[in-house]
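S.K.: fold the following for me, if possible:
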Amino acid sequence: MENTIRHVIKLHQLGMKDIGLVGGKNASLGEMIQNLAKLSVKVPPGFATSTAAYQEFLDKNQISNQIYTKLKDLDPHDLKNLKKTSGEIRKLILSSKFSPEFIAAVTKEYNLLAKKKSLSFAVRSSATAEDLPEASFAGQHDSFLNVSGIKNILRAIKKVYASLFNQRAIIYRIQNNFPHDKVLASAGIQVMVRSDCGSSGVMFTLDTETGFDKIVFINASWGLGESIVQGIVNPDEFYVYKPSIALNKPAILQRNLGSKASKIIYGKGSKITKSIKTTAPEQKKFCIDDLTVTKLARFAATIENHYKKPMDIEWAQDGKTKEIYIVQSRPETVRSQEQHQIIERFHLKKTGQIITKGHSIGQKIGQGKACIITNPKQMRLMQPGQVLVADMTDPDWEPIMKIAKAIVTNRGGRTCHAAIVARELGIPAVVGCNDATTKIKQHEPITVSCASGDLGLIYRGILPVKVEHIKVAKLSKLPVKLCMNLADPSKAFSYQCLPNDGVGLVRIEFIINSNIGIHPKALLQLKNLAPKLRQQIKTRTAAYPNPVEFYIEKLREGIATISAAFFPKPVIVRFSDFKSNEYANLLGGSDFEPQEENPMIGFRGGSRYLSKEFADCFALECEAIKRILAMGLTNTQVMLPFVRTVEEAKHLIKLLEKNGLKRGKNGLKVILMCEIPSNALLAEDFLKICDGFSIGSNDLTQLTLGLDRDSSLVAHLFDERNEAVKKLIHHVIKVCRKQNKYIGICGQAPSDYPDFAKWLLNEKIDAISLTPDSIIETWLYLAKNV
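M.R.: Down below sits the predicted model:
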């Protein structure tokens, strides 16, 4: 019977049918060698020890009974006893001996591979319950890199066996109801890829945070892959769009530069690997180029197509040959198992002492310690998970608003900056409290509730919250399209799960402010800047070919991510609509922006694009859009804001064409913001040269009634239901209907203004564009009341 035991098997002889023989990891490696080598997916050669050899090892050393007796009725919460038991079992295994037959079989296969003395090997675990769709066991067992010499190979195999009983593996089996004696060990022995002098990483065929399955998410860092697997480094990140890969079009959606402060390389002597600090140039640039990113994503898509399920893949690039190898591939077991068609509604289980109140933004509840910021210079004090409390906010504050659990301000109405950004970020905000910065104490735990309608309440302490989940699939069809206002690309993959008809407004100002942070003119005129400022910009843009390319690509990445998330639904991208005071706040901006008494109606929108001072900056925005369309994201449409006259609109259409964006070519649509009374009064003439209007009800109301919506002195007069505003909107909708042009509106949630919503529906508007946080409430409201 002993002679029938197959101690080792070459990887290329294995497939997924052999999980019981060599474990999930080794079976998967063999599966790829057999089926995907012809599709250019490379796997390092090697062999696997069998689970039968492992069982023989336990039986011949007569240690099975000792091991499983120690594990019987083990309490995983008794950490002291768990550590003791684990140590005893591993010591027992490491002191046991391999059979002569096993040693001979491993030695034979090793000698066939180790023809070059310079070769070293990876010895990895592969258990029978490992890398399964329902439980991956990822990181539970040990692997060993840069192992050479048959004695060291055998020692590493024994350590792999022992790692089956380390503390984390024992706990994992107990938690996932895997009997200890049913999980058998195999070791995979593969030729090492020289990523110690190259790069390596992990990639998933879906977004690990949201489960969005149209992308490949790649992590990459210098040196051996253990740096990423063990969480030692902050790696570079790349998102690649799978449909663009299939069309052989440019496919990279995002690049995020990681610090990559260290890397693991080969060691010397008994120290088989060691960690060293990376150099400053290594930290400042991406560790793999675009060609490699695309090639990796193509391999990931190929692997996923073969396995017919989302995959978690480890890869390594040889620093000498530049060849890419797949060293592990297993089913992704977290996001792919989740139900995404569910939405949340928040309720307080009980109330408490009210500190202050104001206008509620959104319907969520946020909690945390208050961080009171009275001066922008204090923004560094803000910590993730705190509640931002301030007098008011502007675009400079957006980086810290992104890390806040909620926002509370003294000043501002329902359409102020803090309110708009909070809606887009999907976090609760209470604005216009008047006394928030004086009534709330620094670092005091508070609860910010927007779950009580228009009135937002700030309670003392952390109150209990109930979250209600609603299945999206059960939502009714509506008589109007509901689109989203979206600015933050990082939210796109999660928000696309919400019921929607596309994105009615992409505010690229958020991308420019948060992801770029530099005035475009400063990039175009880098040589003319002061040395200190020039160096700041060079440092910030070092990972890209040049500073101008940094601006274009960061803009393209942000917009493309949103367009990809919602494809094929329309995504309307508004060109930048910063006012001069907001542009001046960007790095280098004060050198190029005028001082204006009233920037709201000054150098902005169409007039800015056409000016000689900004035309070359506008060209960068157009180039970003051209690149997005070249990816196959033809759902991307463009929108021109704040166009004052018909003649100006005609010049803008020509300027777009000059910059490679011809209206109608490949279905490109050009929309105008209808936010100035002249747009409405001359709607017939404006609509002859564009594809439709998107009504900006905030600016239209402000300019029709002649008030500043951010001024608390006149904020009570701001009302888009005013008859003068409604007359203008009525005329615009009527003309759009007559000319068969698109007509949408970016405004308040219908649940906030039910009478206005019903009026809009009666007027036959095509689409209402709302912030993501409002869209669920709106859908439920309209389904119930229309």
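
S.K.: once you drop chain neighbours, what's closest to Val193?
M.R.: What sits nearest to Val193 in space, not counting adjacent residues and going by C-beta to C-beta, 6 or more residues apart in numbering, is Ala316, at 4.0 Å. For every residue, glycine as well, the C-beta is placed using N, CA and C.

S.K.: ugh, wrong one, I meant Gly558
M.R.: Nearest non-adjacent residue to Gly558, counting by C-beta to C-beta, 6+ apart: Ile511, 3.7 Å away.

S.K.: how about Cys371?
M.R.: Excluding the flanking residues, the one nearest Cys371 by C-beta to C-beta, 6+ apart is Gln386, at 4.2 Å.

S.K.: same question for Phe603.
M.R.: Using C-beta to C-beta, 6+ apart, the closest residue to Phe603 is Ser580 (4.9 Å).

S.K.: ok, the residue nearest to Cys371 - contacts?
M.R.: 368-371, 403-405 (C-beta atoms under 8 Å, 6 or more residues apart in numbering).

S.K.: of all those residues, which two lie farthest apart?
M.R.: Greatest spacing in the contacts of Gln386, by C-beta to C-beta: Ala370 and Ile403 (14.2 Å).

S.K.: who has more neighbours, the two?
M.R.: Ala370 (22 against 15; other C-beta atoms under 10 Å).

S.K.: run through the residues that contact the more buried one.
M.R.: 386-387, 389, 408, 440-446.

S.K.: can I get those in CSV with pLDDT?
M.R.: Putting the contacts of Ala370 into CSV (pLDDT from 0 to 100) gives the following:
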residue, pLDDT
Gln386, 96
Val387, 97
Val389, 96
Val408, 96
Ile440, 96
Lys441, 95
Gln442, 95
His443, 95
Glu444, 95
Pro445, 96
Ile446, 97
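
S.K.: quick check on these: which are buried?
M.R.: 386-387, 389, 408, 440, 446 (16 or more other C-beta atoms under 10 Å).

S.K.: of those residues, which is the nearest to Cys746?
M.R.: Using C-beta to C-beta, these come closest to Cys746 at Val408, 24.8 Å.

S.K.: contact partners for that closest one?
M.R.: Counted by C-beta under 8 Å, 6+ apart, Val408 has contacts 356, 358, 370, 387-390, 429-431, 433, 436, 440, 448, 458.

S.K.: from the residues you listed, which land in strands?
M.R.: 356, 358, 370, 387-390, 429-431, 448, 458 (DSSP state E).

S.K.: which of those scores worst on pLDDT?
M.R.: Minimum pLDDT for these is recorded at Val431 (85).

S.K.: what about the residue nearest to it when sequence neighbours are not counted, how many residues close to it?
M.R.: In this structure, Val431 finds its nearest non-sequential neighbour in Gly412, 4.2 Å apart by C-beta to C-beta, 6+ apart. Neighbour count of Gly412, defined by other C-beta under 10 Å: 27.

S.K.: kindly provide the distance from Gly412 to Met392.
M.R.: Taking C-beta to C-beta, to the nearest Å as the measure, Gly412 falls 5 Å from Met392.

S.K.: between those two, which contacts overlap?
M.R.: What both Gly412 and Met392 touch, as defined by C-beta under 8 Å, 6+ apart, is the set 418, 710.

S.K.: just the buried residues of the helix or strand hosting Ala300, please?
M.R.: Using DSSP states H and E, Ala300 falls within helix 290-307. Buried positions in helix 290-307, judged by neighbour count with 16+ other C-beta under 10 Å: 292-304, 306-307.

S.K.: tell me the one among the residues you listed nearest to Gly267.
M.R.: Thr292 (26.2 Å).

S.K.: can you tell me the helix or strand for Glu596?
M.R.: Going by DSSP H and E, Glu596 is not part of any helix or strand.

S.K.: check the offset of stretch 406-413 from the chain's centre.
M.R.: Taking C-alpha atoms, centre = their mean, to the nearest Å, one finds stretch 406-413 lying 27 Å from the centre of the chain it belongs to.

S.K.: before we move on, back to that, per-residue pLDDT of the residue nearest to Gly558, please?
M.R.: Note on Ile511: pLDDT of 94.

S.K.: so where's the stretch 201-350 of the chain uncertain?
M.R.: Where the stretch 201-350 of the chain drops to pLDDT under 70, the residues are 209, 230-231, 269-270, 333-343.
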